[in-house]
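In: Here you go, sequence then predicted model.
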Amino acid sequence: MTHAQQGGTDPSDDDVQAIWEGVSTHAVDVAQMTPDLSVAAGEAVQLAVLQRLVGQGASRAGWKVGMTSGAGRDSLGAGVRPFGYLLGGRVLPSGDRLDASQIRSVGLETELCFRIGTTLRGPLVTASEARAAVDGVAPAFEVNEERLDASAVAGVKVADNLRQWAIVVGEFGPVPGQDVLDGLVSTISRDGQEIQSRAAEGHIDDHFESLAALARELAAFDRALEPGDVVITGAFTRIGDLTPGRYVGTFSGVGEVSLDLA
């Protein structure tokens, strides 16, 4: 049984409305939400907001897996890997330009982006099945927005879509060998000056186990990873409070991605 099934999946109208209002105001009134919102309930709220967005013409491009790396790893409980959604209108090509004034306290993370080729569904999906389902990998940025204050509990963070705002995606290539993924080093720079570098070893979950965990978690909500979905699986480098400039993320053995922030 997944933790989503253990926690129930019926979202509160007040919780959904608070997150929904935050979509347009770029700030969520945490005081209007359930004080002890669980992760599973937060996922249900998140999906209800996604349904509203789709009803207004948005599309879902894919998913993200949370709490897979660094200090955030297992911070909601051992093995707890909540999902977030990616919107089709916010999958940006490498080299694009983004106006930071659209986003409240913009942040960037270097992440790998996996493209799903065949359906991955069910509560028993394995990492080997996830690997077989992937048909391409690309270097990517996740663009984050800080919409919450420090009082937000774990479930509220999940309901708010885990800070997600957009992704920037480079060129897709074949799935790298496990040796490349295990030895991967990612860096982020601004205007040619390196800011941060992070090695995969000891820092981030196995990406295919993350994809399998995502499929298992989605199964609790009768959802699956479908062909064409893109998925980001966790941060290597992470920076916030950004100033304008050209940001480049590199991934050894995979490639690079860039974004011009104005």
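Out: Nice, I can see it.
In: which one is L50 nearest to, not counting chain neighbours?
Out: Nearest-residue entry for L50: Y85, 5.1 Å, with adjacent residues in sequence omitted and distances by C-beta to C-beta, 6 or more residues apart in numbering. (Each C-beta comes from the backbone N, C-alpha and C, glycine too.)
In: Point out where the stretch 101-250 of the chain drops to low pLDDT.
Out: Counting by pLDDT under 70, not a single residue of the stretch 101-250 of the chain qualifies.
In: ranges for the helices of the stretch 51-200 of the chain?
Out: If you assign secondary structure with DSSP state H, counting those that start in this stretch, the helices in the stretch 51-200 of the chain sit at 127-133, 154-159, 178-182.
In: ok, residues contacting the longest one?
Out: With C-beta atoms under 8 Å, 6 or more residues apart in numbering as the contact definition, helix 127-133 has outside contacts at 116-120, 175, 206, 208-209, 211-212, 215, 225.
In: Kindly indicate the member of these with the most neighbours.
Out: Neighbour tally across those (other C-beta atoms under 10 Å): the maximum, 28 neighbours, falls on A215.
In: ok, for Q32, nearest residue in space, not its chain neighbours?
Out: What sits nearest to Q32 in space, not counting adjacent residues and going by C-beta to C-beta, 6+ apart, is A18, at 4.4 Å.
In: so that neighbour is in which element?
Out: helix 13-25 (DSSP states H and E).
In: Do me a favour and average the pLDDT over that helix.
Out: This predicted structure assigns helix 13-25 an average pLDDT of 94.
In: which parts of that helix are buried?
Out: By 16 or more other C-beta atoms under 10 Å, the buried positions in helix 13-25 come out as 15-20, 22.
In: so the residue nearest to Q32 touches T34, yeah?
Out: No - with contacts defined as C-beta atoms under 8 Å, A18 does not count as touching T34, sitting 9.4 Å away.
In: Apart from its neighbours in sequence, what residue is nearest D260?
Out: Skipping the residues right next to it in sequence, D260 comes nearest to R97 by C-beta to C-beta, 6+ apart, at 4.4 Å.
In: list the contacts for the one you found?
Out: Going by C-beta under 8 Å, 6+ apart, the list of residues near R97 reads 259-262.
In: pLDDT of stretch 67-86, averaged?
Out: Per-residue confidence for stretch 67-86 averages out to 92 on the pLDDT scale.
In: which of the residues in it are buried?
Out: By neighbour count, and taking 16+ other C-beta under 10 Å as the criterion, the buried residues in stretch 67-86 are 67-70, 73, 76, 80-86.
In: Go through those and name the one nearest A61.
Out: Nearest to A61 among the buried residues of stretch 67-86, counting by C-beta to C-beta, is L86 at 4.7 Å.
In: Tabulate the helices of the stretch 51-200 of the chain (CSV), appending mean neighbour count and distance to S252.
Out: Output for the helices of the stretch 51-200 of the chain, formatted as CSV (neighbours: other C-beta atoms under 10 Å; distance: least, C-beta to C-beta, whole Å):
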stretch, mean neighbour count, distance to S252
helix 127-133, 17, 20
helix 154-159, 26, 31
helix 178-182, 13, 8
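In: Quick check: which of the ones you listed is nearest to V254?
Out: Smallest distance to V254 across the helices of the stretch 51-200 of the chain (C-beta to C-beta): 7.3 Å, for helix 178-182.
In: now could you export just the CA positions of that closest one as CSV?
Out: In CSV, the C-alpha atoms belonging to helix 178-182 read as follows (Å, rounded to 0.1, in the frame of the first residue of the first chain):
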residue,chain,number,x,y,z
GLN,A,178,24.5,3.4,-15.7
ASP,A,179,28.2,4.2,-15.5
VAL,A,180,27.6,7.7,-17.0
LEU,A,181,24.7,8.3,-14.7
ASP,A,182,26.5,7.1,-11.6
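In: residues making contact with it?
Out: Taking C-beta under 8 Å, 6+ apart as the rule, helix 178-182 contacts 200-201, 206-207, 252-254.
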